[in-house]
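**Q** coords please:
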Amino acid sequence: MRRRTVSRTALDEPPDGEDLAPAALPTTPSAPPRLQTEFSFELPRGYVDETGTVHRDGSMRLATARDELSPLVDLRVKDNPAYLSVVLLSMVITRLGTITDVRAEQVEQLFASDLAFLQDFYRRINAEGHSRAAVTCPHCASGFEVDLAGGRPGES
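**A** Down below sits the predicted model:
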């Protein structure tokens, strides 16, 4: 019995004149898809810093178990459980405009619409793994996906 090698060269001619089709050649397995761990967003209104600069674009990373547990021992959260989302968001927002070290004090100064947007964005990327939502056109009833990461005002 004659063995054939994986690569095909002039020495590896198929026996009895068989033609070895390219589809029959073994293929290397493709690399597994990479998990997206950071998501960009654009706030509806934006964070206004002490100099009056508005920061609207940013990025948020997926939360870890530590991110979810560590705010529970924070004294601010123990005093006021509603503060949990502020602390949690400050831990997972990696950038807010030019600010790369986002603190709870900055998150608590966000407009209510921006805070609600970030809470929903956090839920979507951590529970569903993406920032898209299925919607239906009210005029033609066709369905499509919208990326909730944001765009210009009035867009999603």
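**Q** Just give me the longest helix of the chain.
**A** Looking across the chain with DSSP state H, the single longest helix is helix 112-123.
**Q** Would you mind pulling the contact partners of that helix?
**A** 39, 41, 43-47, 60, 63, 85-86, 88-89, 92-93, 107, 110, 131, 148-150 (C-beta atoms under 8 Å, 6 or more residues apart in numbering). (Glycine included, C-beta is placed from N, CA and C.)
**Q** do the same with stretch 74-83
**A** 71, 84, 86-87, 104.
**Q** quick one: which of the residues you listed has the most company?
**A** Highest neighbour count within these: residue 86, with 24 neighbours (other C-beta atoms under 10 Å).
**Q** list the contacts for it?
**A** Counting by C-beta under 8 Å, 6+ apart, residue 86 has contacts 76, 104, 107-108, 115.
**Q** can you tell me the distance between the two ends of stretch 71-86?
**A** Taking C-alpha to C-alpha, to the nearest Å, the first and last residues of stretch 71-86 lie 9 Å apart.
**Q** swap that for stretch 62-82, please
**A** Length of stretch 62-82, first residue to last, C-alpha to C-alpha: 21 Å.
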